[in-house]
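Undergrad: prediction below, plus the sequence it came from.
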Amino acid sequence: MNSIAYIRQHILMLVAEKFKLSEDQLASLALTFNANPAFGDLSLNAAFIIAGNLKSSPLGIAQKIADLLTSPVVDDYENKVALHIKSVAVAKNGFVNISLTPDIWRTTAYELSVHPSFCFKLFDDEPRYSYLIEFVSANPTGPLSLAHGRNAIIGDVLGRVLSFLGHRVHREFYINDAGQQIVALGTTLKHKSLQLLGLPVPFAELEYDNEYMNGLAEKCVKEFGLELQSKDDEFFQLYAKNHFLSQIKKDLEEYRVNFDSWISEEDFHTSGKVNKIVQNLKDRNCTYEADGAVWLKSSQFGDEKDRVLVRQGGIPTYLVPDLAYHKYKLDGGYDFVIDILGQDHHGYEGRLKAGMEALGYDPAKLKIIFYQLVLMKEEEKLVRMSKRRGNFRSLTDVIETVGVDIARFFYLNKKADAHLAFDLELALTQNNENPVFYIQYAYVRTTGILNKALAHPGLSDYAIKLLDKNLNEVDAMIVEEHFGQDEIEILKKVCSLRYILLTIAQTYQTHLLANYTFELAKEFHGYYNSHKIVDELNLAISRSRLLLLSIVRNTLSLCLDLLGITKPERM
């Protein structure tokens, strides 16, 4: 933790105890940093929430909160708050604006310089949870598409943030290797391979008639030659599936996305777990038969209508293996199971949660993140994708064209449920218009200035301590005396990272981290352009500004690590 976060938490708890707020009401309180120093350092919205409960005027409640925060100290608990509050004012709109004492900012600056990561983690008394995040889970029927890049980055960054905060995270890839799609994939490969051998093949409507299947057929023929004419259909299915699964793993590794486990859908079929799901639901009296099919009484569990589990002829629908898989996940004892799915699966949430509740599980443990369509914007034209016909740009193409750093950021910097147009022209730009260049240049600039200080006889020892995160508290307090409002505004931005990370943990909106990192870089560039960091005529001010610069550098470093983006030493 850091001292600002500590004081913020105590202010919220003090208000909550005074007005006897429920957990939901406490969660609704927002104590945010003010961008305009004229309104103090922090603004509290509690008056609006409390006034609604008490049927009182927000202004009246706001004044009671102000009196509470400025009243004579009653006990040690309130003392922790009162000692660091400089003033409290009630705005006309009902917000409570709080100004903090300079010493709390100096203390926080020291903490951020020596314990940069610890300052943003969960408090010891804040709950930790366990998560299973299932993401990407692409069909092994071709290379990862442009859309999979968005799925992968959302899951990867969410896992990084949750793990950093102190939660337990397991990342899983569900291999969709059962069903008609694998049969169709094998049929396509067999057809093309035998054609290359000059052997007669019956006409077939090929579902995967594209260039990458042509290349795979050439590879297969080169490896096995005429032996292929005696191979059965299962051989071609496995050959194609394993080839593309291997490529998917390689592409994800290059994309800096790693998984703790890879789970096969086919295993759920062969182990009998799929059939057991249907029997389990029957035993719980959650099914009925009609029109020769077995139906789930999903409408009794919040779904808009009942769903078919087993079609006429005994073939299970996709819902059955999905329920078997989610049962397996929830049986793992995780507090929350998170799925990341394309927007075209939106209607699937109701039936999946209904099925889990019918099986006796808490559907609230299942969280689904939906993300919108991804299009490639090239010369002001949007290019759509189709895996089956091959007229798409693969994730590998994107990485090879713009690099991993830019690909990761561009996929993440929009809200998941908003359409994303991947701007190729902007991605290839090597100047401040490119947000990745802009952020990395801020990091490089901080490093360069600290290296410059290392060469200065009056600053070198101090710069070494900053780089080693080994600053003496007394030295820190001395230089922090030169902190003005401009420096405090930067510290506010740095401190707000903790609330960004907590918000991501609660809402799964990972784009907030990309936006925050860009905003911090922007504030630093602005500060750098208006302040001389190393001033030969005033080394005391130089040390103060170097301290601030090192804090920004540490924070950018953490953000880039969480984003999975590299930290260059020079540009």
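TA: Ah, there it is.
Undergrad: what separates stretch 357-371 from the chain centre, distance-wise?
TA: 19 Å (C-alpha atoms, centre = their mean, to the nearest Å).
Undergrad: and for stretch 281-294?
TA: 39 Å.
Undergrad: please apply the same query to stretch 140-158.
TA: Worked out by C-alpha atoms, centre = their mean, stretch 140-158 lies 13 Å from the chain centre.
Undergrad: go on, stretch 278-286?
TA: With C-alpha atoms, centre = their mean, you get 37 Å for stretch 278-286.
Undergrad: same question, stretch 365-380
TA: The answer for stretch 365-380 is 13 Å, by C-alpha atoms, centre = their mean.
Undergrad: buried stuff in it?
TA: By neighbour count with 16 or more other C-beta atoms under 10 Å, stretch 365-380 contains the buried residues 365-366, 368-377. All C-beta atoms are positioned from the backbone trio N, CA, C, and that covers glycine.
Undergrad: so residue 200: helix, strand or coil?
TA: Taken by DSSP: H, G, I helix; E, B strand; the rest coil, the conformation at residue 200 corresponds to coil.
Undergrad: and for it, the neighbour number?
TA: 6 (other C-beta atoms under 10 Å).
Undergrad: who touches it in this structure?
TA: residue 194 (C-beta atoms under 8 Å, 6 or more residues apart in numbering).
Undergrad: how about the backbone phi and psi for it?
TA: phi -70, psi 140 (degrees, to the nearest 10).
Undergrad: how much space between it and residue 191?
TA: Residue 200 sits 11 Å away from residue 191, taking C-beta to C-beta, to the nearest Å as the criterion.
Undergrad: with residue 309 instead?
TA: With C-beta to C-beta as the criterion, residue 309 and residue 191 are 33 Å apart.
Undergrad: where along the stretch 351-500 of the chain do the helices fall?
TA: 395-402, 404-412, 424-427, 435-454, 460-468, 473-480, 485-495, 497-507 (DSSP state H, counting those that start in this stretch).
Undergrad: which one of those has the poorest average confidence?
TA: In terms of average pLDDT, helix 473-480 trails the rest of these, at a mean of 71.
Undergrad: can you list the helices and strands that that one packs against?
TA: helix 102-114, helix 539-563 (3 or more C-beta pairs under 8 Å, 6 or more residues apart in numbering; DSSP states H and E).
Undergrad: next one: the last one to chain centre, how far?
TA: When C-alpha coordinates are averaged (C-alpha atoms, centre = their mean), helix 539-563 and its chain have centres 24 Å apart.
Undergrad: that helix: which residues count as buried?
TA: Here helix 539-563 shows 539, 541-560, 562-563 as buried, counting by 16+ other C-beta under 10 Å.
Undergrad: what bits of the stretch 301-450 of the chain have low per-residue confidence?
TA: Along the stretch 301-450 of the chain, the model assigns pLDDT under 70 to residues 379-393.
Undergrad: please save the CA atoms from stretch 547-563 in CSV.
TA: Output of stretch 547-563 as CSV, limited to C-alpha atoms (Å, rounded to 0.1, in the frame of the first residue of the first chain):
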residue,chain,number,x,y,z
LEU,A,547,12.9,11.7,-7.4
LEU,A,548,9.6,12.5,-9.2
LEU,A,549,11.1,11.2,-12.5
SER,A,550,12.1,8.0,-10.9
ILE,A,551,8.6,7.5,-9.6
VAL,A,552,7.2,8.0,-13.0
ARG,A,553,9.8,5.6,-14.5
ASN,A,554,8.9,2.9,-11.9
THR,A,555,5.2,3.3,-12.6
LEU,A,556,5.6,3.2,-16.3
SER,A,557,7.8,0.1,-15.9
LEU,A,558,5.0,-1.6,-13.9
CYS,A,559,2.4,-0.7,-16.4
LEU,A,560,4.4,-1.9,-19.4
ASP,A,561,5.0,-5.2,-17.6
LEU,A,562,1.3,-5.6,-16.9
LEU,A,563,0.6,-4.8,-20.6
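Undergrad: outline the domain layout of this structure.
TA: 3-100, 180-241, 435-563 (automatic domain parsing).
Undergrad: where do the helices sit along the stretch 1-150 of the chain?
TA: Using DSSP H, counting those that start in this stretch, helices in the stretch 1-150 of the chain cover 3-18, 23-28, 46-54, 58-70, 76-82, 102-114, 146-165.
Undergrad: next: the stretch 201-350 of the chain.
TA: Under DSSP H, counting those that start in this stretch, the stretch 201-350 of the chain gives helices at 211-224, 233-254, 265-270, 273-283, 319-330, 348-358.
Undergrad: got a list of contacts for the shortest one?
TA: Yep, that's helix 265-270 we're talking about. 174-179, 274, 321, 324-325, 328.
Undergrad: avg pLDDT for it?
TA: Here the average pLDDT along helix 265-270 is 95.
Undergrad: so for that helix, what gets flagged as buried?
TA: Result for helix 265-270 [16+ other C-beta under 10 Å]: buried residues 265, 267-269.
Undergrad: got a markdown table for those residues, with distance to residue 12 too?
TA: As requested, the buried residues of helix 265-270 are exported to a markdown table (distance: C-beta to C-beta, whole Å):
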| residue | distance to residue 12 |
| --- | --- |
| 265 | 46 |
| 267 | 48 |
| 268 | 46 |
| 269 | 51 |
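Undergrad: residues contacting residue 199?
TA: Taking C-beta under 8 Å, 6+ apart, one finds residue 229 in contact with residue 199.
Undergrad: kindly apply the preceding question to residue 533 instead.
TA: 449, 542, 545-546, 549.
Undergrad: nearest to residue 569 among the residues you listed?
TA: Each of those was scored against residue 569 by C-beta to C-beta, and residue 449 proved nearest at 13.0 Å.
Undergrad: count the residues that sit near the closest one.
TA: Neighbour tally, residue 449, other C-beta under 10 Å: 19.
Undergrad: give me the nearest residue to it, chain neighbours excluded.
TA: residue 533 (5.3 Å; C-beta to C-beta, 6 or more residues apart in numbering).
Undergrad: which residues touch the nearest residue to residue 256 once chain neighbours are set aside?
TA: Counting by C-beta to C-beta, 6+ apart, residue 256 lies nearest to residue 564, which is 4.6 Å off, once chain neighbours are set aside. For residue 564, the contacting residues are 153, 156-157, 160, 256-257, 408, by C-beta under 8 Å, 6+ apart.
Undergrad: before we move on, what about residue 318?
TA: With C-beta under 8 Å, 6+ apart, residue 318 has these contacts: residue 179.
Undergrad: how about low-confidence regions in the stretch 51-200 of the chain?
TA: Ranges of the stretch 51-200 of the chain meeting pLDDT under 70: 72-81.
Undergrad: just checking, residue 207 touches residue 186?
TA: No. Assessed by C-beta atoms under 8 Å, residue 207 is found out of contact with residue 186, at 10.7 Å.
Undergrad: looking at those two, which is more packed in?
TA: residue 186 (21 against 17).
Undergrad: around the closest residue to that one other than its chain neighbours, how many other residues sit close by?
TA: Counting by C-beta to C-beta, 6+ apart, residue 186 lies nearest to residue 237, which is 3.2 Å off, once chain neighbours are set aside. The burial count assigned to residue 237 is 19, neighbours taken as other C-beta under 10 Å.
Undergrad: residue contacts, residue 237?
TA: 182-183, 185-186.
Undergrad: which ones among those residues map onto strands?
TA: Nothing among the contacts of residue 237 maps onto strands, per DSSP state E.
Undergrad: out of the residues you listed, which are buried?
TA: Using 16+ other C-beta under 10 Å, the buried members of the contacts of residue 237 are 182, 185-186.
Undergrad: what's around the nearest residue to residue 476 once chain neighbours are set aside, how many residues?
TA: Excluding the flanking residues, the one nearest residue 476 by C-beta to C-beta, 6+ apart is residue 110, at 4.1 Å. Residues lying near residue 110 (other C-beta under 10 Å) number 23.
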